[in-house]
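Peer 1: coordinates only, sequence not included:
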């Protein structure tokens, strides 16, 4: 049966066959494939296992055993690896089974060689794993930036050439440079962390042991659904193999990227660098257990002389400058869900920091010379940044005009699962799978109620090394990442189709006529201007337009605005043509008449260096033409002075679902932003006129000449007097 | 007059070329010869910013642009235009405007280089005011046939923060009538002088104690900008900023102000027939720019902010056929895109990739 499952599974794998003892995820199975595999097994083999069973332990033999146990068939237990103990079959024993396996893995640390303290040398040649990952790719570049070290990257690939190609593609996908300047300082070796000697040839292993000054381990299988047996190869055995390399030949420090997941126990009180980690029997998710076991094994290796530092990031947010984010980070799914459904679960703290900060600090720790900084060099650093709190998040969303409701986290989960069933969003699938999985949801619960990770030692370290102090990963910092998420469909920005955040009327009247002739026909416009969020105006300076245009030259009946927007201070006020007039607002509308005919309308409000500012803000010069055709009509329309205040200030309607305080905030935010923008626009031509006058003033060279002449004259007078 | 010697360890590889602009101003021009055969190397003219000099591309303490260009198969040519701190003009009493740079310095240097390179492609990498002057020369059609242009920081559409606008354009007026120029080197100024107030002002809230760093980084010349990200500089570069950035002439203010307030590169000398070759407004004449263009900017440029992003948007909407792209370097400010200790990793890769592309198109490979 195990062989039959392996054959079915092989259809999803890059290799042609699968070994019944190899974890399918390790062999390359993805979470999506797992769902299909479950269906396939049920259909073709009549083997019914749950998705959770597959995630917990995806060795085909174990799957067969589980199915057999559930079906009441006799099974033979197997001992797949020397490290793993005999497997018990009852599902209730899964926890013990995992614990036994962890204990066996910890014992592997005792087989490591004995070694002395790592030499205090500045790292000139650094070994990096996980450089194709999100954090690893950022860390690779930061390690290069730190000094002039050469970095050797271990990449899972068929050969070195493929490894370099894969590394280059990964770096490019995370917006990292992969230029000749980077390539000349990076070497990629094909390797596999899970294999003894990292899957390297003996020669290469020896030469690395000799030449490398420092090892940085970022590689990890990050999957909250998979069980410990499925993750241990990469997350526990991998670090042990690296420890072995670190202790072979010249001893070198091992910097291990761990995770605050080692604290992921529901009800833990403190998460400081020196606080005891969670009780492993109270960790549920396989990922948490694997990170715990790796730290424990490496701590044990310290007794053998290994120099090891632990760096524990929490959730890793997108880059504050490039906006590159990790689609598989839990925080990504959460931000996506918050922005889509506008509800947040009542969490306490979210230990979330941007990848650029984490990478920069981690890199500095990795580049330390041990003698210079003994305190940091052998200890733990929490790279969690400053924890986000619920009120801060709610306030940020409120200011962006994307107000959210707070819900009990279980209600929030139920609501999310219900929405996903009725209207599935594929980008949120991985979050939903976590929320559906009974083990992964425990991890999630621990995250919701966990404390803020303490980082006293890290902060002291940052101050000592003049590194940027942790800042809140707030709305400004995550703006770029959020925009990218919205582009990719993970998050969602409010759009024209949503109920408006705020809207008001604008009425205009005036005359238009054929281009080049005097305007002779009356033209009236009745618009509703609206914005979907403050983000839209502050970031893109655009306002949505709906409404009607009445002009007999176009059609006897009013025309409807199909699509339209107003751009406030278009191009930051760069003049359209040479002159001192600066654009203030640009209207671009698409109109449709009752017979289906379509017209475009373009209008400009312009600031001029004249005193009639009130008139300038209300006057719109328009041109109209058939869709796809040139301008046929031109004219001027104006907002009547009387209607401006009642329509556009007093008449502002805010989304009625908001509380009255939120409504007032919305009005105030909009008006203050808009008036500042219009004020700046109006000021520009006058400032230029003023500056032209200032140009006429005499400068210091002229004044110095006068001064010199006065001095000479004084001297001459003095000379005369002396005579 | 010979320019101050270059601070470099390249030695004999640098060939100084005597160059006097046709208005009689002596300028500095040098060619960096590559080891081995250079008959196929495209030439790259590199233009510095105001008060800087060709030294900013030759920093011996880091991997600099000239190293990278040489390794990538180019022949760098470094022009010290009249705003260079290797030349005495910024400290003198003879006023000049950017019109002179756009009319004399850049076009004449380009034709001089053309004479020497026998039809090899010529590309330009320009920084800050150098790029702005180049945009005026290009819009005037004075430098035709360039194979590609990289403009860092600012190009056709300068834009500053409102704080800087108020302080530079109007506050700067107080300085213009009292000071001929502002030295960047605190050693030249001393503790008590007419510049003391300014140096006191720029030191407010500064983390770095070096007064030269303060006047560039904390509060650039008292106008509220910042020219680089402090952490991006090598310590050795930081300690010799005074050599790299010289005196700022105050008479340049009216031209700079008129350009920035209009958000477009403009000619300043109106009633002067000598400058008729230059268009009044370079943006209106940007259609004459035929070279592929890469606009480069640090994501944290706190002097010109996103001027180049704006320029990219304006050019691509007004001239849809123009070959123009925008590259933003995360975590960089303004000057550090060239003098930063990791500029080779983070910035020059983009430049070389673009130059390679232009070179391939130009030679028809």
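Peer 2: Thanks, I have it. Remember, it's a predicted structure, so these values are computed and weren't measured experimentally. Residues are numbered from 1 along each chain as shown, chains lettered A, B, ... in the order given.

Peer 1: what's the burial count for the one residue in chain B that gets nearest to chain A?
Peer 2: Chain A sits closest to residue B:349 of chain B, with a gap of 2.5 Å, by C-beta to the nearest C-beta. Using the backbone N, CA and C atoms, a C-beta is placed for each residue, glycine as well. Using other C-beta atoms under 10 Å in any protein chain shown, residue B:349 is surrounded by 21 other residues.

Peer 1: and the residue nearest to residue A:1 when sequence neighbours are not counted, how far from residue A:6?
Peer 2: For residue A:1, ignoring the flanking residues on the chain, the nearest one in space by C-beta to C-beta, 6 or more residues apart in numbering or on different chains is residue A:64 at 4.1 Å. Separation of residue A:64 from residue A:6 (C-beta to C-beta, to the nearest Å) stands at 9 Å.

Peer 1: kindly report the same for residue B:195.
Peer 2: To residue A:6, residue B:195 is 80 Å away according to C-beta to C-beta.

Peer 1: those two: which has the busier surroundings?
Peer 2: Applying other C-beta under 10 Å to residue B:195 and residue A:6 shows that residue A:6 carries more neighbours, namely 23 against 18.

Peer 1: my guess is residue B:30 is in a strand, correct?
Peer 2: Yes: per DSSP: H, G, I helix; E, B strand; the rest coil, residue B:30 lies within a strand segment.

Peer 1: just checking, what packs against the longest helix seen in chain B?
Peer 2: Ranked by residue count, the top helix of chain B under DSSP state H comes out as helix B:349-363. Under the contact criterion of 3 or more C-beta pairs under 8 Å, 6 or more residues apart in numbering or on different chains; DSSP states H and E, helix B:349-363 touches helix A:180-183, helix B:65-71, strand B:122-127, strand B:148-152, strand B:293-298, strand B:324-329.

Peer 1: buried set for that helix?
Peer 2: B:349, B:350, B:351, B:352, B:353, B:354, B:355, B:356, B:358, B:359, B:362 (16 or more other C-beta atoms under 10 Å in any protein chain shown).

Peer 1: of all those residues, which two lie farthest apart?
Peer 2: Taking C-beta to C-beta as the measure, those reach their widest spread between B:349 and B:362, a distance of 20.3 Å.

Peer 1: ranges for the strands of the stretch 51-200 of chain B?
Peer 2: Along the stretch 51-200 of chain B, counting by DSSP state E, counting those that start in this stretch, strands occupy B:75-80, B:122-127, B:148-152, B:181-182.

Peer 1: thinking again about what came up before, what helices or strands is whichever strand or helix holds the residue nearest to residue A:1 leaning on?
Peer 2: Using DSSP states H and E, residue A:64 sits within helix A:60-71. The contact analysis (3+ C-beta pairs under 8 Å, 6+ apart) places helix A:60-71 against helix A:2-10, helix A:51-56.

Peer 1: looking at those, which is buried most?
Peer 2: helix A:51-56 (a mean of 22; mean count of other C-beta atoms under 10 Å in any protein chain shown).

Peer 1: which helices and strands does that helix pack with?
Peer 2: helix A:31-40, helix A:60-71, helix A:228-232.

Peer 1: residue A:331 is nearest to which of those?
Peer 2: Ranking the helices and strands packed on helix A:51-56 by proximity to residue A:331 (C-beta to C-beta) places helix A:31-40 first, at 18.0 Å.

Peer 1: state the mean pLDDT of that closest one.
Peer 2: The average of the pLDDT scores along helix A:31-40 is 80.

Peer 1: and it, what's buried?
Peer 2: A:31, A:33, A:34, A:37, A:38, A:40.

Peer 1: got any residues that touch both of residue A:64 and residue A:6?
Peer 2: residue A:20 (C-beta atoms under 8 Å, 6 or more residues apart in numbering or on different chains).

Peer 1: give the contact list for the residue nearest to residue A:1.
Peer 2: So residue A:64 contacts A:1, A:2, A:5, A:20, A:47 (C-beta under 8 Å, 6+ apart).

Peer 1: same thing but 7 Å
Peer 2: Shown in contact with residue A:64 (C-beta atoms under 7 Å, 6 or more residues apart in numbering or on different chains): A:1, A:2, A:5.

Peer 1: distance check, residue A:660 against chain B.
Peer 2: Computed as C-beta to the nearest C-beta, to the nearest Å, the residue A:660 to chain B distance reads 33 Å.

Peer 1: oh, I was asking about residue A:567
Peer 2: As for residue A:567, its distance to chain B is 11 Å (criterion: C-beta to the nearest C-beta).

Peer 1: so who does that residue touch?
Peer 2: So residue A:567 contacts A:541, A:542, A:585, A:586 (C-beta under 7 Å, 6+ apart).

Peer 1: equivalent analysis for residue B:351, please.
Peer 2: Residues in contact with residue B:351 (C-beta under 7 Å, 6+ apart) are B:125, B:150.

Peer 1: need the pLDDT of it.
Peer 2: Residue B:351 is given a pLDDT of 97.

Peer 1: residues near residue B:24, how many?
Peer 2: Per other C-beta under 10 Å, the neighbour tally for residue B:24 reads 7.

Peer 1: where's residue A:523, which helix or strand?
Peer 2: Here residue A:523 is assigned to strand A:521-531, by DSSP H and E.

Peer 1: buried residues in that strand?
Peer 2: Of the residues in strand A:521-531, A:523, A:525, A:526, A:527, A:528, A:529, A:530, A:531 count as buried by neighbour count, 16+ other C-beta under 10 Å.

Peer 1: still on that earlier bit, may I see the helices and strands packed on helix B:349-363 organised as JSON lines, with mean neighbour count, mean pLDDT and distance to residue B:304 added?
Peer 2: Compiled in JSON lines, the helices and strands packed on helix B:349-363 are given as follows (neighbours: other C-beta atoms under 10 Å in any protein chain shown; pLDDT from 0 to 100; distance: least, C-beta to C-beta, whole Å):
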{"stretch": "helix A:180-183", "mean neighbour count": "19", "mean pLDDT": "92", "distance to residue B:304": "25"}
{"stretch": "helix B:65-71", "mean neighbour count": "22", "mean pLDDT": "95", "distance to residue B:304": "19"}
{"stretch": "strand B:122-127", "mean neighbour count": "26", "mean pLDDT": "97", "distance to residue B:304": "11"}
{"stretch": "strand B:148-152", "mean neighbour count": "27", "mean pLDDT": "97", "distance to residue B:304": "9"}
{"stretch": "strand B:293-298", "mean neighbour count": "26", "mean pLDDT": "97", "distance to residue B:304": "7"}
{"stretch": "strand B:324-329", "mean neighbour count": "19", "mean pLDDT": "96", "distance to residue B:304": "13"}
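
Peer 1: which one of those lies nearest to residue A:601?
Peer 2: Counting by C-beta to C-beta, residue A:601 lies closest to strand B:324-329 out of these; the figure is 29.0 Å.

Peer 1: any residues touching the closest one, and which ones?
Peer 2: Residues contacting strand B:324-329 (C-beta under 7 Å, 6+ apart): B:293-299, B:308-309, B:312, B:315-316, B:337, B:346-347, B:350.

Peer 1: what's the spacing between it and its chain's center?
Peer 2: Strand B:324-329 has its average C-alpha position 17 Å from the chain's average C-alpha position, going by C-alpha atoms, centre = their mean, to the nearest Å.

Peer 1: who are the contact partners of the closest residue in space to residue A:408 that isn't next to it in sequence?
Peer 2: Among residues not flanking residue A:408 along the chain, residue A:346 sits closest, at 6.0 Å (C-beta to C-beta, 6+ apart). Applying C-beta under 7 Å, 6+ apart, we find residue A:346 in contact with A:390, A:406, A:407, A:408, A:409.
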